[in-house]
Each structure stands twice: as structure tokens, then as C-alpha cells.
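Novice: structure for the following, please:
(one chain, ligands or ions: 2)
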Amino acid sequence: MGELKIENLTKDFGTDENHIIAVDNLDIHIEDGEFLILVGPSGCGKSTTLRCVAGLEQPTSGDIVLNGNPVTQRKPKDRNMAMVFQNYALYPHMTARENMAFGLRMTTELSSEEIDELVRDASTLMGIDGLLEKKPGELSGGQQQRVALGRAIVRDPEVFLMDEPLSNLDAKLRTQMRTELQDLQQDLDVTTMYVTHDQTEAMTMGDRIAILDGGELQQIGTPEECYQEPSNQFVAGFIGSPNMNFFDVTLSDGKLLTDDFEIPLSGSVSDQLAGREPEFVMGIRPEEILSKEEAVSSDNTFTINVNVVEPLGDVTYLYTEVNGSEMTISVDRNSDIDPNDQIPIAIPEKELHIFDKETGEALVNRGVPVSSDHVMGSSAQSDASKA
Ligand SMILES: Nc1ncnc2c1ncn2[C@@H]1O[C@H](COP(=O)(O)OP(=O)(O)O)[C@@H](O)[C@H]1O
Ligand SMILES: [Mg+2]
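Specialist: Ligands and ions are numbered 1, 2, ... in the order given. Here you go, the predicted structure:
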């Protein structure tokens, strides 16, 4: 069992006069066995959150609750959680075997035989049986991270806490370990909180993702929900690659206007925007923009100049400028478009996102008005209890 609740967690590294708020009133409930990814840009408070959960940092206020019991005052070793760090944090003078056994020797009553067996099982699981007598200096980065994961596994914790564990690996190994870690988490079925700044890891690895910015929770949901129904412009821009395109637009006579294009809105969408200041931010994902023949046979068609063509093999990105903002368009790899081509494109209303210009709050997601009783915190928690 490992049901983990982070309740109203705040961490202020500053003083009463000069606050340095790293984590701001954070509420996250993680189900038993769930794989939760905590994602956000550098400095947004991810590591601080994880360290408060682990007990390496004392919160300014709030609680860490494991299976219904507050553990906020407990020492790290008494929380039954195992942490894996970006830099592996292995003891350099110990062999892989000793590194994996050390924690068990120090904190349990297990016999040497029992510890040996646990280390053997974990090393088989991690595929490092042949490396047990080597010291960290003799191992590659990938092998060291396997030892560090093995060390966490032998502890048989209720919660795994992982802080950017793949960041020091090269791109190919990172992709491979991403899949392996997912399989491992599924097999072991241990509640896992995994920190990353990488939106690809967030989108591909976890059951749900929690997106942080400036120490505050922006959204928590499945990767699909956060992608399709971002709660605000920050999430919309952070999740998805290439990034969502954003434009400043003005609402007039039921149309979104810029100097370069106009998009007539259906009744439900313009009703949603009515009664507000007429200035909004419009968002459209690169893969939802129609081009060439598809665009011509559609509504809201206009012509753009292609500045740069970037073929990636499976897909091609076009870079262009519309209404003073950069626009990226994702097209089929066979679409035969060259730099400086003038091509027709269209923005389908059913893929539009519209955000409040002041607060960034999402008002329309994929052409559908966001319901006005939508309060981020409460909807996040009801999603959690459904999961
Ligand atoms: N020990 C500390 N003392 C003062 N400020 C800190 C300390 N640790 C982290 N911070 C600040 O808290 C914020 C969040 O840091 P951190 O949790 O490490 O972010 P992340 O892991 O998301 O990159 C940053 O502004 C960082 O400078
Ligand atoms: Mg960090």
C-alpha cells in the first residue's frame, strides 16, 4: 500500500521579510500504485517538493500523508520511501553489490543471506548481475543508474521518488530506459513520483502528470487531458511538441480578427467569450493546421509564406510568420513544400484554443467552451479519485 497525499505543501527558503517561495500551497493526491509525473521548467519547485516528501527538507507548512498517516515529522529512513537521484549518488568506494546492500544493512535486521538474496533478485531485475563486483567508477552512466534503481528496489519501499533519473544519460539510452522504467513500475506496482523537466517523459511515462510553474500547481490529469484540455496558456505551451502556436486576437462581430486572418466563431464559442474584454490569445497546435488541398476545401483559408522547411523523416515542420508571431505547421513528410512557397492554410474552429489574455485561463479548448464552474483544484481531485 502506498497512497500518498501532499496536502497544502508550502516551502519558503527565505525569511519573514524576504520570502523565497519554492512550493506554494501544493495539493496532490497519488493513488496506490500510481505513476505520477511532476513536470515543469527549471526552478519551478519540483525537487523541493520531492525532497519534502522524502523528508530531506522540512516544509514551512502543510503535510505529507502516507496511507492516511502524516509522516511530515518522521525522519527520511522512517518513511518507507526510496529516492533515486539524477547523479545516481552511489558510494564511490563500494562495489555495486555493497551499494545495493548498504541501506538494508543499516536500517533492517535482515541476515547477510537474506540481504544477498534481495540484492541478487534486484540485480537480475535490473540486468546488472555481471556488474556486482564493480565500483561506480568502472560503470557507465546507464549502468550506475541501474545500480541506483536496484538499490531503491531492494528496500521494497511503499513509494519510489525519482528526481530526473534519466537526465544524465545520452538520448538513445534515455529513450530505452524510459520504456524500461515504465515496465518496471508496472511490474512492481509501487506508487511512484517522478520528477522531470522533459515534457516528452511526462507525456509518455506516467498515469497522470502534475504540471508546476512558479511553485504552483497548474493542472493535474492524464497526459491526454493535459494535452487536449489544458487549464491555461502555460500548460498549453508546455505540453506538446512542437509548441502550440499563440496569436493575439480581437473579438469583433463574432469573429476573431488579426491583420492576417479572421475566424468566424460558432454561437457557443462566441457566447463563451461574450461580456469580456475583446482581447484574447488564440492557440492552435502545429498538427491541427490544414495546408494545401485540405486547406482550400475548408473554411478560414489564407495564404502564408513558408520561411523554413525542416524534414524530420516521419514528419516535416514548416516555420512561418503570421500576424507578427511565429507559426509552426506540421505536415506530412511527402507534402513537397519548399522554402518561400506561398501555400494556403486553414485553422479549423474545432481545434481552436482561446485563453484569457490577462490570466491565461483556458476559455475554449479544441473548439469547446470550458465550463465556467471548472475550478482547477477541485476538478483535479475528483479526477484523482476516479482514477
Ligand atoms: N536550499 C535552498 N535555499 C534557497 N533557495 C532554494 C533552495 N533550494 C531551492 N531553492 C529555490 O527554490 C526554487 C525551486 O527550486 P527547485 O525545487 O530545485 O526547482 P526544480 O527542481 O523545479 O528545478 C528555485 O528558485 C531555487 O533557487
Ligand atoms: Mg530539480
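
Novice: what degree of burial does the nearest residue to residue 314 once chain neighbours are set aside show, as a neighbour count?
Specialist: Leaving out its chain neighbours, the residue that sits closest to residue 314 by Cβ to Cβ, 6 or more residues apart in numbering is residue 333, at 6.2 Å. For every residue, glycine as well, the C-beta is placed using N, CA and C. For residue 333, the neighbour count with other Cβ atoms under 10 Å is 11.

Novice: quick check, residue 333 in contact with residue 315.
Specialist: Yes. In terms of Cβ atoms under 8 Å, residue 333 counts as a neighbour of residue 315; the distance is 5.9 Å.

Novice: give me the common contacts of those two.
Specialist: Here residue 333 and residue 315 share no contacting residue, scored by Cβ atoms under 8 Å, 6 or more residues apart in numbering.

Novice: okay, buried residues for the helix ranked longest in the chain please.
Specialist: If you go by DSSP state H, the chain has its longest helix at helix 171-188. Residues 173, 174, 177, 178, 180, 181, 182, 184, 185 are the ones in helix 171-188 that count as buried (16 or more other Cβ atoms under 10 Å).

Novice: and which of the residues you listed is nearest residue 69?
Specialist: Minimum distance to residue 69 across the buried residues of helix 171-188 is 23.5 Å, recorded for residue 185 (Cβ to Cβ).

Novice: dump the residue contacts of that closest one.
Specialist: So residue 185 contacts 35, 160, 192 (Cβ under 8 Å, 6+ apart).

Novice: same question, residue 319
Specialist: Counted by Cβ under 8 Å, 6+ apart, residue 319 has contacts 306, 307, 308, 309, 310, 326, 327, 328.

Novice: any idea how many residues pack against residue 342?
Specialist: Neighbours of residue 342 using other Cβ under 10 Å come to 8.

Novice: hmm, residue 307 and it touching each other?
Specialist: No. The criterion here is Cβ under 8 Å, and residue 342 misses it with residue 307 at 11.5 Å.

Novice: would you mind giving both backbone torsions of residue 58?
Specialist: Main-chain dihedrals, residue 58, degrees, to the nearest 10: phi -90, psi 120.

Novice: part of a strand, is residue 306?
Specialist: Yes. Using DSSP: H, G, I helix; E, B strand; the rest coil, the assignment for residue 306 is a strand.

Novice: so residue 184 makes contact with residue 127?
Specialist: No. The criterion here is Cβ under 8 Å, and residue 184 misses it with residue 127 at 10.7 Å.

Novice: how near is the closest residue to residue 262 other than its chain neighbours to ligand 1?
Specialist: Counting by Cβ to Cβ, 6+ apart, residue 255 is the residue found nearest to residue 262 once chain neighbours are left out, at 4.9 Å. Residue 255 sits 41 Å away from ligand 1, going by Cβ to the nearest ligand atom, to the nearest Å.

Novice: burial of residue 255, as a residue count?
Specialist: Residue 255 has 15 nearby residues by other Cβ under 10 Å.

Novice: per-residue pLDDT, it?
Specialist: pLDDT for residue 255: 95.

Novice: show me the shaky parts of this protein.
Specialist: 372-387 (pLDDT under 70).

Novice: got the domain boundaries for the protein?
Specialist: Domains of the chain are assigned by automatic domain parsing as 4-233, 242-369.

Novice: next secondary structure after the helix or strand harbouring residue 226?
Specialist: If you go by DSSP states H and E, residue 226 is part of helix 223-228. Counting by DSSP H and E, the next helix or strand C-terminal to helix 223-228 is helix 233-238.

Novice: for the residue nearest to residue 314, give its distance to ligand 1.
Specialist: Taking Cβ to the nearest ligand atom, one finds residue 333 at 36 Å from ligand 1.

Novice: give the contact list for that residue.
Specialist: 311, 312, 313, 314, 315, 316.

Novice: excluding its backbone neighbours, what's nearest residue 135?
Specialist: Leaving aside its sequence neighbours, residue 135 sits nearest to residue 95 (Cβ to Cβ, 6+ apart; 5.7 Å).

Novice: that neighbour contacts residue 128, correct?
Specialist: No. Contact criterion Cβ under 8 Å: residue 95 and residue 128 do not qualify, at 11.3 Å.

Novice: the two: which is more packed in?
Specialist: Applying other Cβ under 10 Å to residue 95 and residue 128 shows that residue 128 carries more neighbours, namely 21 against 18.

Novice: returning to what we had before: residue 363 versus the residue nearest to residue 262, what's the distance?
Specialist: 16 Å (Cβ to Cβ, to the nearest Å).
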